[in-house]
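Trainee: Here is the input, now give the coordinates:
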Amino acid sequence: MIARRAARRAALAAASGLLAASLLACHHTPPAGTAAHAASPTAVERLQHDIDRILSVPELERGYWGVVAESLGTGETLYSRNGNKLMMPASTMKIVTLAAAARRLGWDFTYETRLVACGAVGAGVLDGDLVAIGSGDPTLDVKNAAAVFDEWADGLKAAGIHTIAGRIVGDDAAFDREALGMGWSWDDLQDGYAAGIGALQFNENAARLAISPGNAAGDAAIVGIEPETSGLTIHNQIVTAAAADAPEIRARRQPGSSVLELDGRVPLGAAPRHQAVSVDSPARFFVQTLRTALIERGIDVQGPAVALDDIKAPGDRPKVEAGRLVVSYRSPPLSVMAAAMMKTSENMYAETLLKTLGAGDGPATIDAGRRSVEAALEEWGIDAGDMIERDGSGLSRYDYVTPGMLAAILTRVDRDGSLRGPFESSLPIAGVDGTLANRLKGTAAEGRVRAKTGSMSNVRALAGYVAGAGGEPIVFAIIANNFDAPPDTINKATDAIVVALAAFRR
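Mentor: Residues are numbered from 1 along each chain as shown. I've put the predicted structure just below:
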């Protein structure tokens, strides 16, 4: 059995090389000697033949493909295979989330973070707590935090506050307590891309590990973490291996725990390896970072940093309703956030937007967010049965969409002048930027495709827009599920389909 599997893998690898060399040359040429009276195939028929040929190679036979391509100009279906079948979309689910958010919230939507002084201010001292009240802003991170924290510290000083006698308290009650998405794999939860969300967020709720070898084989590896305010406790069991050994690092953190377990090996003399890891409490991470930042900027903070949930006795909670607003900060608008979410496929942005769509009288919930998405689909005339939505990012393995629905949403967006510009600008451009920066280079599709990628175990997807060779705009959605071929082989087949669309001319 093992030998047969090894032989099959070797055969797949060898065939993959042949596939890589041949997929992009996909245009149909009628065989020599075709009878003169045979009708010439139309351009659409040639396109369909080319795509069928791409998908018929043996390397792809065990996978399941859904492909839809339609003319945006005429509405004509140029190609469809399993277009109405439910499939796991991976990160192409972000198309659904962003389109619904743009329609329901508007491109000018921003998040507000407020700093409220709870207590009297005299002689430069706030005799009480400073409360940070969040609404979900996903944009504050280590790259832009210095300027924002400067602004906040200046605002406190302008209000006469140079010392905070109490605590820095994080109020994240705008969101419910369900930080993780339904159907997320348990063994992803320690990774930065699977960080939980909250109404107070910093650095995408993730810290960055730097793992370096020790001085000799057998020594413990050296592990650093930034920011130091992550709240994580590291149990390091990574050892330094011989220089010739391959590196292997495993991380585990249980939900609700701040203990990060690390084990594995790093080879002697190797350069530092970096890895993003999720924090346990986004609100606590936020206020610990804020407290440190204020102290660095000359404000004496005498109390600790705590999340609202850390304060168990109701009488110990700050009375925000009686407090004084000191700073109000607005995030960049949704039109700017969209590019960060789609170009580099930031899961936390998508999860935050879906929960924001569920805001109401009480804490925002994912269930209410889903209902808002369904309402947007209904307004577009799209059957809600074409989707099973469990999260906003596509990280869940309980998410299902039809390729036809993705194409339909993209079509509605393109035809809506209020949505089209920022949405299409947010998509990666083939061979240029984002998650498509290194794909489709040197092909007819380079620079002419804007599309969202999707990638997880046994799922690859791509959906967006392409300009045909004659300038005809085409919308497409391609999803592959349940394959056993190497992921690169799947991507090459997907890219070959997109190149065929880019070369399409009537």
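Trainee: what mean pLDDT does the one helix or strand residue 130 maps to have?
Mentor: Per DSSP states H and E, residue 130 falls inside strand 125-133. Strand 125-133 carries an average pLDDT of 98.
Trainee: And stretch 332-351, by the same measure?
Mentor: Here the average pLDDT along stretch 332-351 is 97.
Trainee: buried stuff in it?
Mentor: For stretch 332-351, the buried set under the neighbour-count rule, 16 or more other C-beta atoms under 10 Å, comprises 333-335, 337-343, 345-351. C-beta here means a position set from N, CA and C on the backbone, and glycine is covered the same way.
Trainee: what's the answer for stretch 373-381, then?
Mentor: 373, 376, 377, 380.
Trainee: Kindly report the same for stretch 472-479.
Mentor: Within stretch 472-479, judged by 16+ other C-beta under 10 Å, the buried ones are 472, 474, 475, 476, 477, 478, 479.
Trainee: among the residues you listed, which two are most distant?
Mentor: 472 and 479 (23.0 Å; C-beta to C-beta).
Trainee: and the nearest residue to residue 324 once chain neighbours are set aside, how many neighbours does it have?
Mentor: Using C-beta to C-beta, 6 or more residues apart in numbering and skipping residues adjacent in sequence, the residue nearest residue 324 is residue 117, 4.8 Å away. Neighbour count of residue 117, defined by other C-beta atoms under 10 Å: 24.
Trainee: How about the one 4 residues further on?
Mentor: Look at residue 121: counted by other C-beta under 10 Å, it has 19 neighbours.
Trainee: Kindly report the same for residue 211.
Mentor: Neighbours of residue 211 using other C-beta under 10 Å come to 22.
Trainee: A strand includes it, no?
Mentor: Yes - using DSSP: H, G, I helix; E, B strand; the rest coil, the assignment for residue 211 is a strand.
Trainee: separation between the residue lying closest to it once chain neighbours are set aside and residue 213?
Mentor: In this structure, residue 211 finds its nearest non-sequential neighbour in residue 273, 4.7 Å apart by C-beta to C-beta, 6+ apart. Here the criterion is C-beta to C-beta, to the nearest Å. By it, residue 273 lies 9 Å from residue 213.
Trainee: before we move on, what about residue 399?
Mentor: 40 Å.
Trainee: what stretches of this structure score poorly on pLDDT?
Mentor: Filtered on pLDDT under 70, the chain yields the residue ranges 1-39.
Trainee: Could you list the domains of it?
Mentor: The chain resolves into domains spanning 41-107+336-502, 112-177+288-332, 189-278 when parsed by automatic domain parsing.
Trainee: Show me the one of those domains that comes nearest residue 183.
Mentor: domain 41-107+336-502 (3.4 Å).
Trainee: for the closest one, how far is the first residue from the last?
Mentor: Chord length of domain 41-107+336-502, first to last residue, is 19 Å (C-alpha to C-alpha, to the nearest Å).
Trainee: Report the distance from it to the chain centre.
Mentor: 14 Å (C-alpha atoms, centre = their mean, to the nearest Å).
Trainee: got a list of what the residue lying closest to residue 334 once chain neighbours are set aside touches?
Mentor: Excluding the flanking residues, the one nearest residue 334 by C-beta to C-beta, 6+ apart is residue 109, at 4.5 Å. Shown in contact with residue 109 (C-beta atoms under 8 Å, 6 or more residues apart in numbering): 101, 333, 334.
Trainee: Check residue 411 too.
Mentor: 70, 72, 475.
Trainee: Of the residues you listed, which is the nearest to residue 324?
Mentor: residue 475 (51.6 Å).
Trainee: Could you look up the SS state of the closest one?
Mentor: strand.
Trainee: Number of residues surrounding the nearest residue to residue 81 once chain neighbours are set aside?
Mentor: Closest residue to residue 81 in three dimensions, ignoring its sequence neighbours and counting by C-beta to C-beta, 6+ apart: residue 67, at 4.6 Å. Counted with other C-beta under 10 Å, residues neighbouring residue 67 total 22.
Trainee: Can you point out the buried residues in the helix or strand harbouring residue 67?
Mentor: Per DSSP H and E, residue 67 falls inside strand 64-71. The neighbour-count check on strand 64-71 (16+ other C-beta under 10 Å) flags 65, 66, 67, 68, 69, 70, 71 as buried.
Trainee: I'd like those laid out as TSV, including distance to residue 487.
Mentor: What follows is the buried residues of strand 64-71, written out as TSV (distance: C-beta to C-beta, whole Å):
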residue	distance to residue 487
65	14
66	17
67	18
68	22
69	22
70	27
71	30
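Trainee: which one of those is nearest residue 388?
Mentor: Relative to residue 388, and with distances defined as C-beta to C-beta, the nearest of the buried residues of strand 64-71 is residue 66, at 14.5 Å.
Trainee: That closest one: what's it in contact with?
Mentor: Neighbours of residue 66 in contact, by C-beta under 8 Å, 6+ apart: 81, 82, 83, 85, 87, 402, 403, 477, 478, 479, 480, 481.
Trainee: Tell me which of these fall in strands.
Mentor: With strands defined by DSSP state E, the entries of the contacts of residue 66 inside them are 81, 477, 478, 479, 480, 481.
Trainee: in the sheet, who's paired with the third one?
Mentor: When you say that, I think you mean residue 478. residue 67, residue 462 (DSSP bridges).
Trainee: so who does it touch?
Mentor: 65, 66, 67, 403, 461, 462, 463, 494, 497, 498.
Trainee: So it versus residue 103, what's the distance?
Mentor: In terms of C-beta to C-beta, residue 478 sits 24 Å off from residue 103.
Trainee: got the CA positions of stretch 226-241 in PDB?
Mentor: Extracted in PDB, the C-alpha atoms of stretch 226-241 (Å, rounded to 0.1, in the frame of the first residue of the first chain):
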ATOM      1  CA  GLU A 226       6.700  41.300  19.700                       C
ATOM      2  CA  PRO A 227       4.900  43.200  20.900                       C
ATOM      3  CA  GLU A 228       5.800  42.300  24.500                       C
ATOM      4  CA  THR A 229       2.200  43.300  25.500                       C
ATOM      5  CA  SER A 230       0.700  40.200  23.900                       C
ATOM      6  CA  GLY A 231      -0.200  38.600  27.200                       C
ATOM      7  CA  LEU A 232       1.100  35.200  26.000                       C
ATOM      8  CA  THR A 233       3.100  33.000  28.200                       C
ATOM      9  CA  ILE A 234       5.600  30.900  26.100                       C
ATOM     10  CA  HIS A 235       6.500  27.400  27.100                       C
ATOM     11  CA  ASN A 236       9.500  26.800  24.800                       C
ATOM     12  CA  GLN A 237      10.600  23.200  24.000                       C
ATOM     13  CA  ILE A 238      12.200  24.000  20.700                       C
ATOM     14  CA  VAL A 239      15.800  22.600  20.500                       C
ATOM     15  CA  THR A 240      18.800  23.500  18.400                       C
ATOM     16  CA  ALA A 241      19.500  20.700  15.900                       C
END
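Trainee: now the residue nearest to residue 210 when sequence neighbours are not counted: how far from residue 234?
Mentor: Leaving aside its chain neighbours, residue 210 sits nearest to residue 224 (4.4 Å; criterion: C-beta to C-beta, 6+ apart). Residue 224 is 9 Å from residue 234, where distance means C-beta to C-beta.
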